[in-house]
Each structure stands twice: as structure tokens, then as C-alpha cells.
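1. Have a look at this prediction, sequence included:
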Amino acid sequence: MGLLDGIKDIIGDLAAATERSIAEVGGRKIPMAFAKFHPGGLPAYLDRLREAGHGAEVESWLGGTDPHPIPAAAIAASLPAPVAAAIANDLSLPPERLPTALAEFLPAAVTGLSENGRLKPQPVFTSTQVIG
């Protein structure tokens, strides 16, 4: 095994560790991260997605049947950079992986937090409590 093979193995191990972290985070920590860092928490972020033209997708998450995906690029565009950085840090994810992780896990997280087509009450912190 040469040096290049060893480097490839290390990089592969790091990539696998990142993927495991994303899978472990799943939908468990996402709602609290939004509560801490997105003004208005998860409910406000869902409103932002609706305003960006993704209302049908958000409603499919709330309905719990066949959740429709939102592209990672649209997720990234809907998060202010400082909020995205704070959420990525809170979730122990590299910032560049956050949109993909949210695109993958946010629908299930919202579905799990919904009842009768509505989001259950969520914690919301003021941004000055956390960032500021």
C-alpha cells in the first residue's frame, strides 16, 4: 500500500464519518437547531420555504404522506449565511453539507412533528438569546 492509497483511505474514512454524523443527526436535532438559530424557529422557516414557492412540498411534509423533496440548492437559498453556519455547527456538519442534509432529513423531521396537517408547537428562542 502506497502513500497515495493511505491518503485515499483516510479521506474515505473522513467522508464516511461525515455521512454517519448526518445520518445520526437525521431529524432529531434539526428542529431544535432551527429553534435556536432561525428567527421564528422551524415554523418561520417553513413559512419562508412556502414564500419561496415550495408550499406544496411543505404541505406534503405536514400531511405525512409521500413527502415531496425540496432541492438542496433551494434549501441553501432560503437560509441566511450566518444562520446556516450556526445550524451546521450545532449539528456538527461541515457547512457545505448542510443543504444536502436538510434536503434529506427535514421532510421526515417535519412529518414526525406534525399532527392533522399542522406542525405541533415548537420551541422558539429570540435570536438575541443565541446570536447577538
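-> In hand now; what should we look at? Numbers count the residues shown, from 1 in each chain.

2. Which residues are in contact with the residue nearest to the spatial centre of the chain?
-> Centroid-nearest residue in the chain, with CA atoms, centre = their mean: residue 102, separated by 2.9 Å. Shown in contact with residue 102 (CB atoms under 8 Å, 6 or more residues apart in numbering): 30, 72, 75. Glycine gets a C-beta too; all of them are placed from N, C-alpha and C.

3. swap in residue 43?
-> With contacts defined as CB under 8 Å, 6+ apart, residue 43 is in contact with 119, 122, 124.

4. just curious, which of the residues you listed is nearest to residue 52?
-> Taking CB to CB as the measure, residue 52 lies nearest residue 119 of the contacts of residue 43, at 17.5 Å.

5. Counting neighbours, what do you get for that closest one?
-> By other CB atoms under 10 Å, 17 other residues sit near residue 119.

6. from memory it sits against residue 113, does it?
-> Yes - using CB atoms under 8 Å, residue 119 is in contact with residue 113, at 5.9 Å.

7. that older thread, just the ones of the contacts of residue 43 in strands?
-> If you go by DSSP state E, these have residue 119 in strands.

8. Could you dump the contacts of residue 43 into TSV with distance to residue 57 added?
-> Listed next are those as TSV, based on distance: CB to CB, whole Å:
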residue	distance to residue 57
119	14
122	19
124	22
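
9. where does the protein have its least confident helix or strand?
-> helix 127-130 (a mean of 47; mean pLDDT, DSSP states H and E).

10. related to what we said a few turns ago, can you redo the contacts of residue 43 as JSON lines with pLDDT?
-> Converted to JSON lines, the contacts of residue 43 look like this (pLDDT from 0 to 100):
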{"residue": "119", "pLDDT": "90"}
{"residue": "122", "pLDDT": "84"}
{"residue": "124", "pLDDT": "75"}
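
11. Give me the average confidence score over the helix or strand harbouring residue 48.
-> Here residue 48 sits within helix 41-49, counting by DSSP states H and E. Average pLDDT, helix 41-49: 95.

12. Just checking, which helix or strand succeeds it along the chain?
-> As assigned by DSSP H and E, the chain's next helix or strand after helix 41-49 is helix 55-63.

13. Which positions in the next helix or strand after that following helix come out as buried?
-> Next helix or strand after helix 55-63 toward the C-terminus (DSSP H and E): helix 72-77. Going by neighbour count (16 or more other CB atoms under 10 Å), the buried part of helix 72-77 is 72, 74, 75, 76.
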